[in-house]
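Participant: Predicted structure and sequence below. I'll ask about it afterward.
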Amino acid sequence: MIARERRALAGSTFDEPAVGDVPSMAGTSGGAVGVSIDDPGRAWAAAESSYEVRFPEATCSTVSTLRVDSDGDTYRVAIELVVSEDGTERWRRRWDRRFPRDLQ
């Protein structure tokens with residue numbers, strides 16, 4: 001419910017040309033955080049980052065996403081990573097965890 005929540009957003013991008021033996025690279029990252037104004041224990045953070053390294057023989061890229069949600073008792077964390085080579089997905093991994101807040 002957005003009307004009873006405060007949010008902040010941030011992001012950045014870069015695209016660098018190759019220099020000498022260093023290949024060209026590009027990336028984006030961004031995210032948002034939010035917290036309930038009625039229940040500060042209820043909050044969340046979400047982010048996504050993507051990076052690409054362009055070697056002469058292959059272009060390698062990653063996309064990672066993060067989501068953290070909390071309530072008065074628990075933090076829930078979900079992270080996903082996707083790795084690609086020349087546009088073909090080569091590897092994917094997801095982590096999901098819950099952590100007690102321990103009176104935080």
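Facilitator: Nice, thanks for sending it over.

Participant: C-alpha only now, for contacts and for neighbours.
Facilitator: Will do.

Participant: pretty sure residue 26 contacts residue 49?
Facilitator: No: look at residue 26 against residue 49 with Cα atoms under 8 Å: they stay out of range, at 10.8 Å.

Participant: out of the two, which sits in the busier spot?
Facilitator: Neighbours were counted for residue 26 and for residue 49 using other Cα atoms under 10 Å; residue 49 has more, 18 against 15.

Participant: Skipping adjacent residues, who's closest to the more buried one in space?
Facilitator: Closest residue in space to residue 49, ignoring its immediate chain neighbours: residue 29 at 4.1 Å, by Cα to Cα, 6 or more residues apart in numbering.

Participant: Repeat that for residue 72.
Facilitator: Residue 72 sits nearest to residue 41 (Cα to Cα, 6+ apart), 4.7 Å away.

Participant: phi, psi of residue 37?
Facilitator: Dihedral pair for residue 37: phi -80, psi -10, per degrees, to the nearest 10.

Participant: what about it, how many neighbours?
Facilitator: 13.

Participant: Low-confidence bits of the chain, can you list those?
Facilitator: By pLDDT under 70, the low-scoring segments of the chain are 1-3, 103-104.
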